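*Asks:* build the 3D model from these lines:
(one chain, ligands or ions: 2)
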Amino acid sequence: MPGNSYNSNSSNIPPDRVTRLVREKIERDLRKSSRASHPNDVTDNGGREVFEDEQRLRDGDNLGPSIVDEDLEGPASTPNEGCERLDGRTFSRQRLLVVANRLPVSAIRRGEDSWSLEISAGGLVSALLGVKEFEARWIGWAGVNVPDEIGQKALTKALAEKRCIPVFLDEDIVHQYYNGYCNNILWPLFHYLGLPQEDRLATTRSFQSQFAAYIKANQMFADVVNKHYKDGDVVWCHDYHLMFLPKCLKEYNSDMKVGWFLHTPFPSSEIHRTLPSRSDLLRAVLAADLVGFHTYDYARHFVSACTRILGFEGTPEGVEDQGRLTRVAAFPIGIDSERFIRALEIHPVQVHIKELQETFAGRKVMLGVDRLDMIKGIPQKLLAFEKFLEENSDWRGKVVLLQIAVPTRTDVPEYQRLTSQVHEIVGRINGRFGTLTAVPIHHLDRSLDFPALCALYAVTDVALVTSLRDGMNLVSYEFVACQDLKKGVLILSEFAGAAQSLGAGAILVNPWNITEVANAIARALNMSPEEREKRHWHNFTHVTTHTAQEWAETFVSELNDTVVEAQLRIKQVPPSLREADSIERYLRSNNRLLILGFNATLTEPVDTPGRRGDQIREMELKLHPDLKQPLNALCHDPKTTIVVLSGSDRNVLDKVLDLVLFIFFSGLLISTS
Ligand SMILES: O=P(O)(O)OC[C@H]1O[C@H](O[C@H]2O[C@H](CO)[C@@H](O)[C@H](O)[C@H]2O)[C@H](O)[C@@H](O)[C@@H]1O
Ligand SMILES: O=c1ccn([C@@H]2O[C@H](COP(=O)(O)OP(=O)(O)O)[C@@H](O)[C@H]2O)c(=O)[nH]1
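*Replies:* Ligands and ions are numbered 1, 2, ... in the order given. The predicted structure follows:
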């Protein structure tokens, strides 16, 4: 198990490694405080304008200078690379390897050895765009199958210009790992939509081959990381696609600083325990030093899955297994709010705003922006809008719903079915409430570019985010950032992570309750300007102060600190007793107290021994047969008192130790549950 090998390796850590880690931490702290007092005194692009970022995004040059050739061949030292000067001192910036399923660029093949690259500026890209503390490079899949060596070499070279390093996955792996295990199993399960019927049995062939492909793909990502890793780098793994990656990386090198962040919800342990590979996935994630989630609830669910399914200890800091702590915490993502606010001033956005205002003059604009995914609750949203129109005839013709539904995972049959279902509902509502000149719903099955999206956000009166579950939902943040003039209303699902941060300013709804959402639409459209202003102010303050940059910096510096703290903690663990000394003293003494653990100390190892309240599985615990005789002998010995200390329920202790207790036991059972 990686956790074990990590533990045993780490206990032999040379003191100079601890000293080096602490020195690096002091340097980082110094760098932070220098930057706080001289925010512009940075020799990289720290003072750049947001418009420059926009230009660089368009030019596909937003990810910094290219990776040097040596880097492509493997580890090499690159003097002065990533250095910055602050207060007259030179610091080298720490390298950050961001590993995500998808690279922030999509690649289109133009010829045998030529590629064109398009930047896709999703949440993670903008989050890292503004981070100056680290020198980031990306490792991931470019979204295309490149079977030939010439194509792979050319793409690798082209991507290096964007600080990206590709992982080449063949079509079969993509089908089984990405479409199969990631998007057909983990994605619906983590969003409380359950497992697909045919995969409910752990023994089905498709489940097993998809899981095998998942592990294989994760290993392929790990191989690439390992090839490019240099001592001192921070490796940040992202999302449900890469839950095995921390384990693979630590097996290569237990000193690697590894963080893992989940962008989706982590469901209640009762949901997670339905997954056939539940234990393997949890153990693999726990190999990381730091595990992060968007909300405290997701973090809590993860910790309780680890305690209930693996029998590990949950502490306020995270999850502990035999003295090794994996830190678990909430790090809510934000957006680059400045980028949206400043975009509203640029000419193309203003042109779009004017066009939209003219087109929808005299009508209130409602907006939905979602990937066309079951979790986004698009059919439920449309049905609620239909109900609103049914019950509020005076609003007919005076309100329009613009629904942008970005196609996604189009190879997965369930997504294809969803598309047809949405089209059918839109057609029905438009048929019912449309006129010869206007329809109530404008539905687009495509994505918009950044200027068009900003303009839409800015002209909207009411945004409708009705996700059935959503890790965070950045659309709600982006809408708020673009509304400082209009102060429109946000209707937000209570099942989106964003509800935890924007709940006070939004109208929160249960998206499954069509009547409640219909009523919320009426309330939002009729809301007084004073109430709108108050609500907007709350959310705008949050969105502009909890930015993506801050999210990324906090996670990575927490990861650095976690590693230092772990090394210091290991040094404080008392050394094991020497066996010969212990026996000798035991024999000499006349009054002995032996304090024994229970689960996995006195009991037979059970694959998933439950703990803390899971009495059903605790009842599976049995006294280890080899211990029966020695325990009897000890209990017979008048010089020895035995205490069994356990978090398990008293009934469980009674049952397991029954025989011993009944006949011989002269000790004490302490149940802390
Ligand atoms: O690449 P795809 O398979 O099309 O996946 C789409 C996106 O899924 C993930 O989104 C999640 O991350 C957001 C930011 O943390 C969060 O707000 C949202 O609730 C999640 O669904 C993934 O992180 C993205 O990179 C993908 O593009
Ligand atoms: O036409 C579009 C629609 C959406 N988005 C972006 O897609 C992201 C959606 O993120 P969210 O967290 O809301 O949900 P996800 O799709 O990641 O589940 C947001 O940053 C949007 O700006 C976009 O670039 N073009």
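
*Asks:* up against ligand 2, what does the stretch 401-550 of the chain have?
*Replies:* Counting by Cβ under 6 Å from any ligand atom, the residues of the stretch 401-550 of the chain close to ligand 2 are 404, 406, 447-448, 453, 472-475, 478. The C-beta positions use only the backbone N, C-alpha and C, and glycine is treated the same way.

*Asks:* ok, now with 8 Å
*Replies:* 404, 406, 408, 446-450, 452-453, 465, 470-476, 478 (Cβ under 8 Å from any ligand atom).

*Asks:* restricted to buried residues, select those residues in ChimeraX.
*Replies:* Remark: buried members of those, expressed as a ChimeraX selection using 16 or more other Cβ atoms under 10 Å:
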select :404,450,452,453,465,470,471,472,473,474,475,476,478
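
*Asks:* in strands, which of the residues of the stretch 401-550 of the chain next to ligand 2 fall?
*Replies:* Cross-referencing these against strands under DSSP state E gives 404, 406, 465.

*Asks:* hmm, the last one is touching residue 489, no?
*Replies:* No: taking contact to mean Cβ atoms under 8 Å, the distance of 11.4 Å between residue 465 and residue 489 leaves them out of contact.

*Asks:* ok so, going back, format the ones in strands among the residues of the stretch 401-550 of the chain next to ligand 2 as CSV; extra columns: pLDDT.
*Replies:* Shown next, in CSV, are those (pLDDT from 0 to 100):
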residue, pLDDT
404, 97
406, 94
465, 98
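
*Asks:* identify each buried residue in the one helix or strand residue 581 maps to, please.
*Replies:* Taking DSSP states H and E as the definition, residue 581 sits inside helix 579-588. Within helix 579-588, no residue counts as buried by 16+ other Cβ under 10 Å.

*Asks:* any idea of the mean pLDDT for that helix?
*Replies:* What helix 579-588 shows for mean pLDDT is 88.

*Asks:* any idea how far the helix or strand that it is followed by is from the chain center?
*Replies:* Moving toward the C-terminus from helix 579-588, the next helix or strand (DSSP H and E) is strand 592-596. Relative to its parent chain, strand 592-596 has a centroid offset of 44 Å by Cα atoms, centre = their mean, to the nearest Å.

*Asks:* so which elements touch strand 592-596?
*Replies:* If you count contacts as 3 or more Cβ pairs under 8 Å, 6 or more residues apart in numbering; DSSP states H and E, strand 592-596 packs onto strand 640-646.

*Asks:* same for the strand it packs on, what does it pack against?
*Replies:* Applying 3+ Cβ pairs under 8 Å, 6+ apart, we find strand 640-646 packed against strand 592-596, helix 625-636, strand 668-671.

*Asks:* what angle do the second one and strand 592-596 make?
*Replies:* Our comparison of helix 625-636 with strand 592-596, counting by axes from the mean of the first three to the mean of the last three Cα atoms, to 10 degrees, yields an angle of 150 degrees.

*Asks:* let me know the angle separating helix 625-636 from strand 640-646.
*Replies:* Going by the same axes, to 10 degrees, helix 625-636 makes 130 degrees with strand 640-646.

*Asks:* for residue 391, grab the count of nearby residues.
*Replies:* Other residues near residue 391 come to 13 when the count uses other Cβ atoms under 10 Å.

*Asks:* quick one, what contacts the closest residue to it other than its chain neighbours?
*Replies:* Once flanking residues are discounted, residue 391 sits nearest to residue 518: 6.5 Å by Cβ to Cβ, 6 or more residues apart in numbering. By Cβ atoms under 8 Å, 6 or more residues apart in numbering, the residues touching residue 518 are 384-385, 387-388, 391.
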